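Engineer: attaching a predicted model along with its sequence, questions to come.
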Amino acid sequence: MSVMEVSGLATTAGINIALMIVFFVLYLVARTQPGNVNVYFARILLKQLKEGKSNGVFSIERLTSSVDWVKAAWRPSEEEILKSGGLDAVVFLRIFVFSLKFFTVCTLAGLFILVPLNYMTGEFDIGNIHAIEHDALDKFTISNIPQGSNRIWGHFCVLYCISFIAYGLLYLEYRNITRRRVEFLRSSQSHPDHFTVLVRSIPKSDLKTYSEQVDDFFSKFYPSTYFLHHMVYQSGKLQELMIKAKKLLRQVNILRSKPSLERVPKKAGFLGLFGTKIDPLESSTRKLLDVQHSIKDSQYNFLHEGKVVPAAFVSFKTRLSASIAAQLPQSSDPSIWATEWAPEPRDVHWQSLSIPYTQLWIRRIVVFVLSLSITIIYVFPVAAILALAKLDILEKWFPPLKDILLITGTKSLISGYLPSLVLTILYYFIPSVMLILTKMEGYVSESMQEIKTCGKVYNFLLGNAFFIVTSGSLISLINQSITRPKEIPSQLATAVSGQANFFVTLIMTKGWTGFSTEILQLDVVLKLFFMKLILRTEEEGPYVQALPYYRALPNLLLFIFIGFMYTIIAPLLLPFLLIFLILGYIVFRNQILNVYEPAYETGGKYWPHVHNRLILSLVLMQITCLGMFGLRSKPTASALTIPLPILTLLFNHFCNVQFFSVFQNLSVEIAFTKDCDDESHGLTEELLRDLQKGYLCPTLQPIGTIPYGDNTLQHLLSSNGDASA
C-alpha cells in the first residue's frame, strides 16, 4: 500500500464516524418502536413468554429513554451478565476487559514515550505544525528512527515492560475465569449431561445388537452405578423439523393470545399476492400440521427402515462414575468403546453422530485442505483490492481514472476507505463457509462446532487479512521463511512496518462501523423487511438468536493481534483500537442482556483457546521487535530480545499446567460433593427420571414432548384441529 497522508486517514475516519452516527441514531429510534421489540428485546420477551408473564405484548414504556441504553448496558454486574448470557458470555466480555487494561497502558506508553522518540529527529521544528499535518503516519513509527540511534533502547525497555504486564494480566484472567468455572460446576443445577457420556465406535457382533453390547459392557464394569443408555439412530433431517415445529408452536401460541381483531388476515397464495385472505392463526396452525405430518412420516419410515448407529448415550447414577467413564479409556484397543462427555441435550448435533467414528480423521484432513485452499484462493481478490490503494497502478490500468482522481478527496477515498470497505464485505461470508466445513468434520455438539470454526476463521483472517496484506503474498512469505529461516524476524518487521495506515482504516471500517451495524441488527432488519415486503410473511414473537461466537470472536482476536503487532512499531494505531474496544464492550453487553439467548453453555471452555491466541500475538510481537531492532542496526538490543519469546512460551506452559485441566475434566472432589448434595436434598430420583428422556433420539421422541410454556404441540393440535379443518 502506498503511503497515505493524514488527510486521507481523516477522510476515512470522517466517513466511518458519519456512518456510526447514522446507524446509532437509527437504533435509538428503532428500539423505541413497539413493532421492533421482537428484534431489540428478543431475550427479555422470550423469557417472559416462557415464564407465562406475557402474551406477546411487551411493555416498552421503561425503555423509551433512548440515550440511557448505554448506562443500562454498562451498569449490570458480572453476576447479572452470568445470569443472562451464561459463563461463555462472561468469558467473551472478559476478553474486552483484558484488552482495555493492556492497551490502555500500551497507549499511554506509546503516546508519551514512543511517539516522541519516533518523530523528534534532529530537524524537528516544534513550531512547524503544518509539516506534521501533511506528514504520513509512518513518520510516527519506529521506521523513522535513524540507523544505530540509541533511541531504540527506549522501545526495548517499553517492550520488556508491556510483556511482563501482559503476563500478569493474562495470568489473572486465566485464574479468575478458572475460579468462575469451578464456581459454575459447583453451583449449577443438575442436568442430564452431568451424568452422561457419549460412547462411539461400539464393536460389531454377530450374536448381539449394539444395544445389548452396551448394556452388557457397562453393567459388567459399572455394576452399581450404570443406569441406562439411549442408542443413536440415523435421524436425517428430523432434528431440523423438530426445531421448526418448536418455532411454529411459539408463533401459534402468541397468535392465540391476541384478540382476533388484532390478527390481520393475509392472502394465502404465492408471496401473499393471490388467494383468499385467512387468519394468521389458521395459516400458522396449518403449517404446524404439515410439519407434524412430516415428522410422523419420518418416524414411520424409521420404524421400517431405521438404521442404528454404533453410538450411544450412557447415563450413570452418579457424576463420579460418569466422570471416570468419560476420562478413562474403556478398552485396551483405543479404536473401540471411545468415550467423551456428552454435550447438553440441546447442544447435540444428531446428524454428526451418524458419521462413522473411523472416518473422522479423514474428514478433518479433507476439511483442513479445503480451508487452506480457501485462504490461498482469497489471495487473488485481496491482491486486487490492495491494488486500489496504489494510485499509480490504478492510473496505469485505467487511464480514464486520471481525470476522476483530480477531484478533491477522491484520492483519499480510493486509497484509504475503499480497500478496507471491500475487504470487509469480502470477509463477511467466511465465517459461514467455515462453519459449514466444520460441520462436515463430525463434531457432535453445536458448541464444539463453533469453537472449531472460531479457530478456522481466526487462522484465515491471520493468514489472509494480516500476512498477505503486510507481505503481499502468503506463498512468497512461506517460501522466504523456508529458504532463509534466520531472516524471519527481519522479514516480519519489514513487512509489518509499512501497513499501519491500512490497519487503522480496517479498524475503523470493520470495527467501528461493524459494531454500529451489530447493535442495529442490520442483517436481521433487512431479512425481516424482505420477508414482510417481498415474501408477504411476518414472524410472530421474538426473533430468537444466539450470540454468533464463530463470527464475533475471531474478528475481535484479529484486532487484538493487530494491536499487539503495532504497539511498539506504530503506537498511533492504539487510540483507534481503544475506541474499538470500548464500543465493542458496550454494544455486546447490551446485546447479551437484551438480544441474544444462549443456545448452549460450555462453562467457559472458550478461554483456553483465546489464551493460546493471545500468547501467539505476544510471541509474534516480540519476534517482530527482535527483527526491527536488527533492522535499526542495534544488534545488542536484538540479541537481548531473544529471551522474551522463550519466556512467553514458558509462561504459557505454566498457565496450562496450572489451569487447563479444569476446562478439560471434572474433578473427583466436585463430582463427589455434588452427588452428596443431590442425595441429601432428595433430588436423586427426580434426576434419574430426567435421564430417561434427556437423550432420546429425535426419531423416537413423541410429538407431544415439544414443550413451550404451559402448552404442548399435542394439546395445541387437538384444540385447533377442528377449527382449521
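Structural biologist: Arrived safely. Numbers count the residues shown, from 1 in each chain.
Engineer: contacting residues for the most centrally placed residue in the chain?
Structural biologist: The centre of the chain sits closest to Tyr549, judged by C-alpha atoms, centre = their mean, with a distance of 1.6 Å. Tyr549 is in contact with 88, 92, 450-451, 454, 606, counting by C-beta atoms under 8 Å, 6 or more residues apart in numbering. (C-beta placed from N, C-alpha, C; glycine too.)
Engineer: what's the answer for Trp512, then?
Structural biologist: Trp512 touches 16-17, 20, 579-580, 583, counting by C-beta under 8 Å, 6+ apart.
Engineer: in the biggest helix by length in the chain, what counts as buried?
Structural biologist: Longest helix in the chain by number of residues (criterion: DSSP state H): helix 152-187. Residues of helix 152-187 classed as buried: 152, 154-156, 158-160, 162-163, 166-167, 169-171, 173-174, 176-178, 180-182, 184-185 (neighbour count, 16 or more other C-beta atoms under 10 Å).
Engineer: quick one: the strands in the protein, in order.
Structural biologist: 196-200, 226-233, 266-267, 277-278, 308-316, 338-341, 707-708, 711-712 (DSSP state E).
Engineer: ok, the spatially closest residue to Lys456 that is not a sequence neighbour - contacts?
Structural biologist: Distances taken as C-beta to C-beta, 6 or more residues apart in numbering place Met434 nearest to Lys456, at 4.2 Å, with adjacent residues excluded. Met434 makes contact with 371, 453, 456-457, 460, 550 under the criterion C-beta under 8 Å, 6+ apart.
Engineer: local confidence estimate at Met434?
Structural biologist: Reported pLDDT at Met434 in the predicted model: 95.
Engineer: for Val314, same thing?
Structural biologist: For Val314, the model assigns a pLDDT of 95.
Engineer: for it, give me its contacts.
Structural biologist: Going by C-beta under 8 Å, 6+ apart, Val314 touches 196-199, 214, 218, 226, 228-229, 325, 339.
Engineer: that one pairs with what?
Structural biologist: Counting by DSSP bridges, Val314 forms beta bridges with Val197, His229.
Engineer: how near is it to Asp193?
Structural biologist: 12 Å (C-beta to C-beta, to the nearest Å).
Engineer: export the contacts of Tyr549 to CSV and append columns for distance to Ile243 and pLDDT.
Structural biologist: Converted to CSV, these look like this (distance: C-beta to C-beta, whole Å; pLDDT from 0 to 100):
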residue, distance to Ile243, pLDDT
Asp88, 21, 95
Phe92, 24, 96
Glu450, 17, 95
Ile451, 21, 95
Cys454, 23, 96
Tyr606, 24, 95
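Engineer: for Thr141, give me phi and psi.
Structural biologist: Dihedral pair for Thr141: phi -100, psi 170, per degrees, to the nearest 10.
Engineer: quick one: the closest residue to it other than its chain neighbours from Thr624, how far?
Structural biologist: Distances taken as C-beta to C-beta, 6+ apart put Ala570 closest to Thr141, at 4.4 Å, once the chain neighbours are dropped. In this view, Ala570 and Thr624 are 11 Å apart by C-beta to C-beta.
Engineer: and the residue nearest to the centre of the chain, how far is that from Leu413?
Structural biologist: In this view, Tyr549 and Leu413 are 34 Å apart by C-beta to C-beta.
Engineer: again, but for Val496
Structural biologist: Val496 is 25 Å from Leu413, by C-beta to C-beta.
Engineer: compare these two (neighbour count), which wins?
Structural biologist: The neighbour comparison of Val496 against Leu413 (other C-beta atoms under 10 Å) goes to Val496, with 27 against 16.
Engineer: what pLDDT does Asn36 get?
Structural biologist: For Asn36, pLDDT reads 82.
Engineer: can you report how many residues lie near the closest residue to it other than its chain neighbours?
Structural biologist: Once flanking residues are discounted, Asn36 sits nearest to Ala30: 5.0 Å by C-beta to C-beta, 6+ apart. Ala30 has 16 neighbours, counted by other C-beta under 10 Å.
Engineer: just checking, Val525 touches Asn38?
Structural biologist: No. Using C-beta atoms under 8 Å, Val525 is not in contact with Asn38, being 11.0 Å away.
Engineer: among those two, which residue is more densely surrounded?
Structural biologist: Asn38 (22 against 18).
Engineer: isn't Gly86 up against Glu597?
Structural biologist: No. At 10.0 Å, Gly86 does not count as touching Glu597 under the criterion of C-beta under 8 Å.
Engineer: in the stretch 551-700 of the chain, which ranges drop under the pLDDT threshold?
Structural biologist: 683, 699 (pLDDT under 70).
Engineer: quick one: the helices in it, in order.
Structural biologist: Ranges of helices in the stretch 551-700 of the chain, per DSSP state H, counting those that start in this stretch, are 574-594, 606-631, 635-641, 643-655, 661-664, 668-680, 684-694.
Engineer: would you mind listing the buried residues in the second one?
Structural biologist: Residues of helix 606-631 classed as buried: 606-611, 613-631 (neighbour count, 16+ other C-beta under 10 Å).
Engineer: what do you get for the last one?
Structural biologist: Burial within helix 684-694, assessed by neighbour count using 16+ other C-beta under 10 Å, is assigned to 687, 691, 694.
Engineer: ok, now how distant is the first one from Ile362?
Structural biologist: The one in question is Leu687. For Leu687 relative to Ile362 (C-beta to C-beta), the value is 39 Å.
Engineer: again with Phe651
Structural biologist: Separation of Phe651 from Ile362 (C-beta to C-beta) stands at 36 Å.
Engineer: who's more crowded, the two?
Structural biologist: Per other C-beta under 10 Å, whichever of Phe651 and Ile362 has more neighbours is Phe651, with 19 against 11.
Engineer: how about the nearest residue to that one, chain neighbours excluded?
Structural biologist: In this structure, Phe651 finds its nearest non-sequential neighbour in Tyr167, 5.3 Å apart by C-beta to C-beta, 6+ apart.
Engineer: what of Met508?
Structural biologist: Nearest residue to Met508, sequence neighbours excluded (C-beta to C-beta, 6+ apart): Asn16, at 4.2 Å.
Engineer: again with Leu666
Structural biologist: Of all residues not flanking Leu666 in the chain, Ser323 sits nearest, at 4.6 Å (C-beta to C-beta, 6+ apart).
Engineer: how many residues are close by that neighbour?
Structural biologist: When counting by other C-beta under 10 Å, one arrives at 22 neighbours for Ser323.
Engineer: so what's it up against?
Structural biologist: 665-666, 668, 671.
Engineer: related to what we said a few turns ago, right, and the strands of the chain - which one's nearest Arg250?
Structural biologist: Checking these against Arg250 by C-beta to C-beta gives strand 707-708 as the closest, at 5.4 Å.
Engineer: do you know how far Phe663 is from Tyr606?
Structural biologist: Computed as C-beta to C-beta, the Phe663 to Tyr606 distance reads 9 Å.
Engineer: kindly report the same for Pro645.
Structural biologist: Distance from Pro645 to Tyr606, by C-beta to C-beta: 25 Å.
Engineer: same check, this time on Val199
Structural biologist: 26 Å.
Engineer: check Thr107 too.
Structural biologist: With distances taken as C-beta to C-beta, Thr107 is found 26 Å from Tyr606.
Engineer: low-confidence ranges in the stretch 1-150 of the chain?
Structural biologist: For the stretch 1-150 of the chain, the stretches flagged by pLDDT under 70 are 1-8, 52-67, 121-138.
Engineer: show me where it has helices.
Structural biologist: In the stretch 1-150 of the chain, the helices defined using DSSP H, counting those that start in this stretch lie at 6-30, 37-40, 42-50, 69-74, 78-109, 115-119, 129-134.
Engineer: please identify the deepest-packed of those.
Structural biologist: Ranked by mean neighbour count, the helices of the stretch 1-150 of the chain are led by helix 37-40 with a mean of 23 (mean count of other C-beta atoms under 10 Å).
Engineer: pull out the CA atoms of it and give them to me as PDB.
Structural biologist: Taking C-alpha atoms only, helix 37-40 is exported to PDB below (Å, rounded to 0.1, in the frame of the first residue of the first chain):
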ATOM      1  CA  VAL A  37     -39.400  -5.300  20.300                       C
ATOM      2  CA  ASN A  38     -39.100  -8.700  18.800                       C
ATOM      3  CA  VAL A  39     -35.700  -7.800  17.500                       C
ATOM      4  CA  TYR A  40     -34.100  -5.500  20.100                       C
END
